[in-house]
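Asks: Sequence first, predicted coordinates after that:
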Amino acid sequence: MLADLNDTIIALASAAGPGARAIVRLSGPRALEIAVSLFTSPETIDSNQRRMHAGDIRLSGLASPLPGWLYHFPAPQTYTGQEMVELHTISSPPLVELLIAQLLQAGARAAQPGEFTLRAFLGGKRDLPRAEAVHAVISAGDRDDLTQALAQLAGGVTRPLEGLRDDLLNLLADVEAQLDFTEEGLEFVDINETLLRLTKGMAQLTSLQRQLDQRATSERPFRAVLIGEPNAGKSSLFNALGGTALVSPQPGTTRDYLVARVTMDGVAVELVDTAGWQEADDAIGQQAQSLSHLQSHDADLLLLCHEAGNTNSPLSPWGRGEGGEGITVLHLATKCDLAEPAAGLHATSAITSQGLPELRSRIAEQAKSRRQPSLAPSLSRCRHHVATGLDHLRKAHSIVLFEEPPELLAVELRGALQQLGEMVGAIYTEDLLDRIFSRFCIGK
């Protein structure tokens with residue numbers, strides 16, 4: 001993963017596909033040199049100046065130049081800490097591919113996933129949790145995910161540790177100095193002050209550990225699956241909640257399952273509409289029933305639909321309130337604009353919207369209780385280092401309290417600093433960086 005930082009890397013930094021503007025980003029010592037091999041402007045381009053230039057992009061094989069804009073960012077005041085250039089032009093996929101191909105021919109190298117942010121980390125522009133937060137911001141599934149990712153990007157995890165690391169380094173220096181001058185009887189460390197500093201450090205890590213524990217949950221989207229008999233109003237309810245399903249008075253219209261990603265009270269939810277339960281009389285029907293049961297077993301929440309006024313019992317064991325392990329069942333009465341619902345059911349109507357705001361809130365509450373943020377991999381790593389560092393500080397506190405040899409105190413302080421260093425990226429391995437940055441998309 002740790003490719004040569006002297007390479008100039010290139011990637012598409014905007015969304016792929018047709019659009020008003022495409023952004024091709026370069027970073028490295030030859031970024032401007034390579035960009036101006038295809039870009040011309042009536043203005044003088046100063047390699048020391050941060051500014052935008054309007055001009056033309058001339059590509060081999062095209063009779064006419066493309067309108068373009070060159071944004072130049074001199075080092076070191078850039079995202080990566082290196083010289084960066086962005087070429088903006090029309091977002092036509094064939095033209096963008098040709099532009100990137102000719103920039104590669106001019107001496108650039110295709111960026112690996114996450115390599116721009118990796119260079120920002122290696123250049124001291126981002127510590128490791130903030131670099132991981134870049135990926136979390138991009139992949140945030142809802143407002144809560146985004147808020148947490150932005151807080152970590154702003155230093156919400158590592159900023160509180162900066163003072164602690166400095167204090168532990170100073171304490172370790174005092175302990176080691178005292179070890180060097182043992183025979184002279186010089187005292188560099190006061191026991192009461194040391195206990196106070198260690199207690200303060202443990203309090204900081206305990207507080208951070210609590211914050212990280214509260215944030216930890218699965219990256220898999222929360223799935224709410226609509227189930228029930230044919231013509232029970234599942235598809236109409238699916239559409240009313242944000243999906244797009246074919247609706248017909250003919251029972252059994254839905255033969256496959258449909259998935260819609262919707263936002264309810266700021267939480268992303270995968271809403272799934274399934275085929276109604278019935279005896280299958282052909283291969284297609286058997287496949288529909290099989291898919292329906294698979295989706296039901298993969299659900300986080302089952303929305304069991306009962307048609308208002310229909311006293312027939314549903315075919316599935318979930319009709320008796322039996323869900324799979326860890327699956328909550330919410331019983332809904334549908335078509336309540338046509339008939340009175342049975343007692344104990346959540347009344348809904350896709351026509352009048354009766355009960356739909358309350359249903360969205362109930363689904364969102366379930367999702368929030370099980371949701372796992374896009375920061376989960378970063379949080380898991382940080383939690384490990386915080387827990388291990390806290391254990392070292394507890395042992396250090398015990399050593400001072402019971403006046404054990406200072407050599408043991410130095411060992412535990414080094415252990416705590418090692419964990420904090422690995423957490424923020426002051427100490428890292430190539431394998432760790434590969435596991436973190438390989439999850440990024442290319443161009444970030």
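Replies: Great, that's in hand.
Asks: quick one, phi/psi of the closest residue to residue 351 other than its chain neighbours?
Replies: Distance criterion Cβ to Cβ, 6 or more residues apart in numbering; nearest residue to residue 351, sequence neighbours excluded, is residue 337 at 4.8 Å. The way it works is simple: take the backbone N, C-alpha and C, and place the C-beta from them, glycine included. Main-chain dihedrals, residue 337, degrees, to the nearest 10: phi -80, psi -10.
Asks: who's in contact with the closest residue to residue 78 other than its chain neighbours?
Replies: The shortest distance from residue 78 to any non-neighbouring residue, by Cβ to Cβ, 6+ apart, is to residue 84 (4.5 Å). By Cβ atoms under 8 Å, 6 or more residues apart in numbering, the residues touching residue 84 are 25-27, 31, 72-73, 75, 78.
Asks: what do you get if the cut-off is 7 Å, keeping everything else the same?
Replies: Neighbouring residues of residue 84 by Cβ atoms under 7 Å, 6 or more residues apart in numbering: 25-27, 31, 73, 78.
Asks: measure it to residue 353 for me?
Replies: Distance of residue 84 to residue 353, given as Cβ to Cβ, to the nearest Å: 50 Å.
Asks: ok, now residue 118?
Replies: From residue 118 to residue 353 the distance is 49 Å (Cβ to Cβ).
Asks: higher neighbour count, these two?
Replies: Neighbour comparison, residue 118 and residue 353: the larger count goes to residue 118, with 27 against 12 (by other Cβ atoms under 10 Å).
Asks: tell me the domain boundaries of this protein?
Replies: 9-111, 222-370 (automatic domain parsing).
Asks: Reformat these as JSON lines; add distance to residue 401.
Replies: Output for the domains of the chain, formatted as JSON lines (distance: least, Cβ to Cβ, whole Å):
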{"stretch": "domain 9-111", "distance to residue 401": "44"}
{"stretch": "domain 222-370", "distance to residue 401": "41"}
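Asks: Which of those has the lowest mean pLDDT?
Replies: The weakest mean pLDDT among the domains of the chain belongs to domain 222-370, with a mean of 77.
Asks: just how off-centre is that one within its chain?
Replies: 29 Å (Cα atoms, centre = their mean, to the nearest Å).
Asks: What is the burial count for residue 202?
Replies: Around residue 202 there are 19 residues (other Cβ under 10 Å).
Asks: can you count the residues close to the closest residue to it other than its chain neighbours?
Replies: Closest residue in space to residue 202, ignoring its immediate chain neighbours: residue 393 at 4.9 Å, by Cβ to Cβ, 6+ apart. Using other Cβ under 10 Å, residue 393 has 26 neighbouring residues.
Asks: quick one: the closest residue to residue 334 other than its chain neighbours from residue 329, how far?
Replies: Nearest non-adjacent residue to residue 334, counting by Cβ to Cβ, 6+ apart: residue 233, 3.2 Å away. From residue 233 over to residue 329 the distance is 17 Å, taken as Cβ to Cβ.
Asks: Also residue 161?
Replies: 44 Å.
Asks: Can you pick out the residue with more neighbours from the two?
Replies: residue 161 (24 against 18).
Asks: so when I look at the more buried one, I'm seeing a helix, right?
Replies: Yes: the assignment for residue 161 by DSSP: H, G, I helix; E, B strand; the rest coil puts it in a helix.
Asks: Hmm, it is touching residue 419, no?
Replies: No: at 10.4 Å, residue 161 does not count as touching residue 419 under the criterion of Cβ atoms under 7 Å.
Asks: closest one to residue 206 among the domains of the chain?
Replies: domain 222-370 (24.7 Å; Cβ to Cβ).
Asks: Check the spacing between the nearest residue to residue 167 once chain neighbours are set aside and residue 262 real quick.
Replies: Excluding its sequence neighbours, the residue lying closest to residue 167 (Cβ to Cβ, 6+ apart) is residue 197, at 6.0 Å. Look at residue 197 and residue 262: by Cβ to Cβ, they are 51 Å apart.
Asks: got it, and residue 395?
Replies: Distance from residue 395 to residue 262, by Cβ to Cβ: 50 Å.
Asks: What of residue 99?
Replies: Residue 99 is 37 Å from residue 262, by Cβ to Cβ.
Asks: neighbour-wise, which of these two wins?
Replies: For residue 99 versus residue 262, neighbours defined as other Cβ under 10 Å are more numerous around residue 99 (24 against 16).
Asks: what helices or strands is the helix or strand hosting that one leaning on?
Replies: Residue 99 belongs to helix 93-105 when assigned by DSSP states H and E. Packing contacts for helix 93-105, counted by 3 or more Cβ pairs under 7 Å, 6 or more residues apart in numbering; DSSP states H and E, involve strand 9-12, strand 19-27.
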